[in-house]
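Asks: build me a model:
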Amino acid sequence: MTLGMVGCMGISAVTKKLGGYTNTKLHGILSSLGVVLSLGGLYAIYRNKNLYERPHFTSYHGKAGVGLVVGAIGAMMVGGVFLHPDFGVDKTNKTIRLAHKTFARVVMGSAWLTAFMGMYKMSQSPLDLALFGLPLIILAPFTIV
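Replies: Numbering: from 1, shown residues only. This next block holds a predicted model:
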């Protein structure tokens with residue numbers, strides 16, 4: 001899930017900021033790939049919980065992860081249906097664009113925080129947390145803001 005929410009969606013946000021038709025289409029492809037990777041990660045986690053007969057989505061991290069995947073799917077659907085540069089039904093609507101951009105930033109920022117929460121559950125080592133969290137903090141102004 002981290003690869004999708006942090007990797008693909010982070011690159012997607014930076015690509016969109018470059019502007020232009022090609023970058024807009026690439027933004028949609030990378031964001032959609034991020035959603036697919038996140039769904040794959042969610043499935044892998046769900047399957048692993050089944051194999052070890054553990055309860056599903058009991059922590060804040062788990063519940064937030066499910067909610068954020070649903071939110072990312074919603075942002076992807078709005079972008080694909082309404083804002084696609086070729087066939088979007090309302091691609092010039094500034095209100096929908098602003099809502100899509102704002103909501104996607106909230107989802108991505110929350111996903112990054114949730115990824116850090118997951119890392120914290122796996123290791124409380126200050127070095128591990130710094131190596132995972134500092135790049136997120138450094139990249140946030142370029143992607144989320």
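
Asks: centroid-wise, who is the farthest residue in this structure?
Replies: Glu53 (27.9 Å; CA atoms, centre = their mean).

Asks: report pLDDT for that one.
Replies: At Glu53, the model reports a pLDDT of 93.

Asks: now do the one 10 residues further on
Replies: According to the per-residue confidence, Lys63 scores 95 in pLDDT.

Asks: contacts only, for it.
Replies: Shown in contact with Lys63 (CB atoms under 8 Å, 6 or more residues apart in numbering): Phe57. Bear in mind the C-beta positions are built from the backbone N, C-alpha and C, glycine included.

Asks: for the residue nearest to Leu83 when sequence neighbours are not counted, what are phi and psi?
Replies: Distance criterion CB to CB, 6 or more residues apart in numbering; nearest residue to Leu83, sequence neighbours excluded, is Lys91 at 5.3 Å. Here is the backbone geometry of Lys91 (degrees, to the nearest 10): phi -70, psi -20.

Asks: so in this protein, which helix runs the longest?
Replies: Longest helix in the chain by number of residues (criterion: DSSP state H): helix 21-51.

Asks: chain center to stretch 40-60, what's the gap?
Replies: Centroid separation between stretch 40-60 and its chain, computed with CA atoms, centre = their mean, to the nearest Å, is 19 Å.

Asks: buried ones in that stretch?
Replies: By neighbour count on 16 or more other CB atoms under 10 Å, the buried set for stretch 40-60 is Gly41, Leu42, Ile45, Phe57.
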